[in-house]
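missing the sequence, but the structure's below:
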């Protein structure tokens, strides 16, 4: 046998061996992958089956919450009138304008409770109490000024359009015991100092008279 | 004889090329295996985490009750407070 022929035969054998080794190793890896996928697929199916009802439940929850929101917004609109958007803005900064859009109204959002902890000014105004101590850094973002009127709400009404109780000095005892807690304690008539002003109409829970444009 | 030597060279080149290509295929297959194993582990953990999804039904029930309470509260406020 000549030398080149022997080398050719040897090379062919090597090629076949290489093919066999690498392909067998690849097949072994593919079998492992197949087993891994077989184990993973049922788990992914569990994920799918467990998340399937989430959309419906969340839609139902959102529907219920929207109903509650509409209810409260309708109540705010009915009871607070032009202040409704300001009340919403006071509790949820940035939502006053959306509230106006939802109820089909237009105009300025008067930032009620701008200088006080969230809700404290509202409770105080409703309960006819005195002003809480302003909390630094708790002011909600003011709503954008109306473009149509030309004048800002602060210019349109005295006191900047806020329910401002600043003219009544807040006693030190009325400072909230826990900073950040929205407490109406001390604003209630029966808890206020004797020198505190009584509501104009005792027993009537109203914020009327505290609004600058109703003075 | 020359033709035979040319065949030898071609076969050597083919062997090297084949080894490189098959090595690449094997490397790719080996890299998939741990990924599939990890997917299985993550899916198992995710499936276990999603066991709490059933609590959403309870949450939905509670939210319905809260909104119903809000409705009652709003009705009371409607009576207690004067209109604007």
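Everything's here; your move. Since the model is a prediction, treat every value here as computed from it, not as a measurement.

and residue A:94, which of the three is it?
Per DSSP: H, G, I helix; E, B strand; the rest coil, the local secondary structure of residue A:94 is coil.

Could you count how many residues lie near it?
Residue A:94 has 14 neighbours, counted by other CB atoms under 10 Å in any protein chain shown. Where you see a C-beta, it was placed from the backbone N, CA and C, and this is true even at glycine.

What segments of the chain are helices?
I went with chain A, as the question did not name one. Remark: helices assigned in chain A by DSSP state H are A:3-51, A:54-80, A:84-91, A:96-102, A:120-127, A:153-156.

wrong one, I was asking about chain B
Counting by DSSP H, the helices of chain B are B:2-49, B:55-80.

do the first one and chain A meet?
Yes. Remark: helix B:2-49 sits within contact range of chain A at B:4-5, B:7-8, B:11-12, B:14-15, B:18-19, B:22-23, B:25-26, B:29-30, B:32-33, B:36-37, B:39-40, B:43-44, B:46-47, by CB under 8 Å from any CB of the partner chain.

Run a quick neighbour tally on the closest residue to residue B:30 other than its chain neighbours.
Nearest residue to residue B:30, sequence neighbours excluded (CB to CB, 6 or more residues apart in numbering or on different chains): residue A:29, at 5.3 Å. A count of nearby residues for residue A:29, using other CB under 10 Å, gives 19.

Of all the residues in chain A, which one is nearest chain B?
Using CB to the nearest CB, residue A:81 is the residue of chain A that sits closest to chain B, at 2.7 Å.

Could you give the number of residues near the nearest residue to that residue once chain neighbours are set aside?
Using CB to CB, 6+ apart and skipping residues adjacent in sequence, the residue nearest residue A:81 is residue B:84, 2.7 Å away. Neighbours of residue B:84 under the rule other CB under 10 Å: 16.

now residue A:56
Neighbourhood size, residue A:56 [other CB under 10 Å]: 11.

Repeat that for residue A:1.
Residues near residue A:1, counting by other CB under 10 Å: 6.

Give me the pLDDT for it.
If you check residue A:1, the pLDDT there is 73.

Could you do residue A:114 as well?
The model reports residue A:114 with a pLDDT of 51.

before we move on, what about residue A:94?
On the pLDDT scale, residue A:94 is placed at 83.

returning to that earlier point: what's near enough to touch the residue nearest to residue B:30?
B:26, B:29-30, B:32-33 (CB atoms under 8 Å, 6 or more residues apart in numbering or on different chains).

Could I have the buried ones of these as ChimeraX selection syntax?
A single ChimeraX command selects the buried members of the contacts of residue A:29 (16 or more other CB atoms under 10 Å in any protein chain shown):
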select /B:26,29,33
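
ok, so of the contacts of residue A:29, who is nearest residue A:67?
The shortest approach to residue A:67 among those belongs to residue B:32, at 50.2 Å (CB to CB).

In contact with the closest residue to that closest one other than its chain neighbours, which residues?
Once flanking residues are discounted, residue B:32 sits nearest to residue A:33: 5.2 Å by CB to CB, 6+ apart. By CB under 8 Å, 6+ apart, the residues touching residue A:33 are B:29, B:32-33, B:36.

which pair in those spans the largest distance?
Largest pairwise distance in the contacts of residue A:33, by CB to CB, is 10.8 Å, between B:29 and B:36.

Highest mean neighbour count out of the helices of chain A?
Burial of the helices of chain A is given as mean neighbour count (mean count of other CB atoms under 10 Å in any protein chain shown); helix A:84-91 ranks first at a mean of 26.

give me every residue that touches the closest residue to chain A within chain B.
As assessed by CB to the nearest CB, chain A sits closest to residue B:84 within chain B, at 2.7 Å. Contacts for residue B:84 (CB under 8 Å, 6+ apart) come out as A:78-84.

Now tabulate those in TSV and tack on distance to residue A:98 and pLDDT.
What follows is these, written out as TSV (distance: CB to CB, whole Å; pLDDT from 0 to 100):
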residue	distance to residue A:98	pLDDT
A:78	18	86
A:79	19	82
A:80	16	79
A:81	18	78
A:82	16	73
A:83	16	77
A:84	12	81
